[in-house]
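> here is a sequence together with a model predicted from it:
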Amino acid sequence: MDKRAFERVSANIEGKFFYGNSIYAGEIANLSGNGIFISARLCFPFESKFEILIPVNEEILKIPVKVSRIVKTDDFYDGMGLELLERPKNYLEFVSSLKSAVSKP
């Protein structure tokens, strides 16, 4: 079994994403320094590129991503694994802060 390069952190954050001329929403279930998993009622084709918006305090992080995995439950698609195309410093700091919050007793 392959070990991930970055540890995933569980989350429950509403993210918005742009695809074409439309805005969609989904729940960010987990994230890491290299990727995001979002549960959504709509999944895009493999390798699709778009920008996901993540609210962090007073700021909105805009992260360019591409679809690297699509999850299907029963007969419908309900989640996407997203690979980060860039890893902005403020995003990595956010992930690190989530890890710290989870590891506190």
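Yes, it's here.

> going forward, measure contacts and count neighbours with C-alpha atoms only.
Fine.

> for the spatially most central residue of the chain, list each beta-bridge partner.
Note on the chain: the residue nearest the mean C-alpha position is Ile36, at 2.6 Å, using Cα atoms, centre = their mean. Ile36 has these beta-bridge partners by DSSP bridges: Leu31, Leu82.

> from memory it sits against Gly26, does it?
No: counting by Cα atoms under 8 Å, Ile36 does not reach Gly26; the two are 11.5 Å apart.

> how close does Val9 get to Ile36?
9 Å (Cα to Cα, to the nearest Å).

> can you list residues touching both of those two?
Here Val9 and Ile36 have Asn30 as joint contacts, going by Cα atoms under 8 Å, 6 or more residues apart in numbering.

> ok so, going back, contacts only, for the residue nearest to the centre of the chain.
Counting by Cα under 8 Å, 6+ apart, Ile36 makes contact with Ile28, Ala29, Asn30, Gly81, Leu82, Glu83, Leu84.

> mind redoing it with 7 Å?
By Cα atoms under 7 Å, 6 or more residues apart in numbering, Ile36 lies in contact with Ile28, Asn30, Gly81, Leu82, Glu83.
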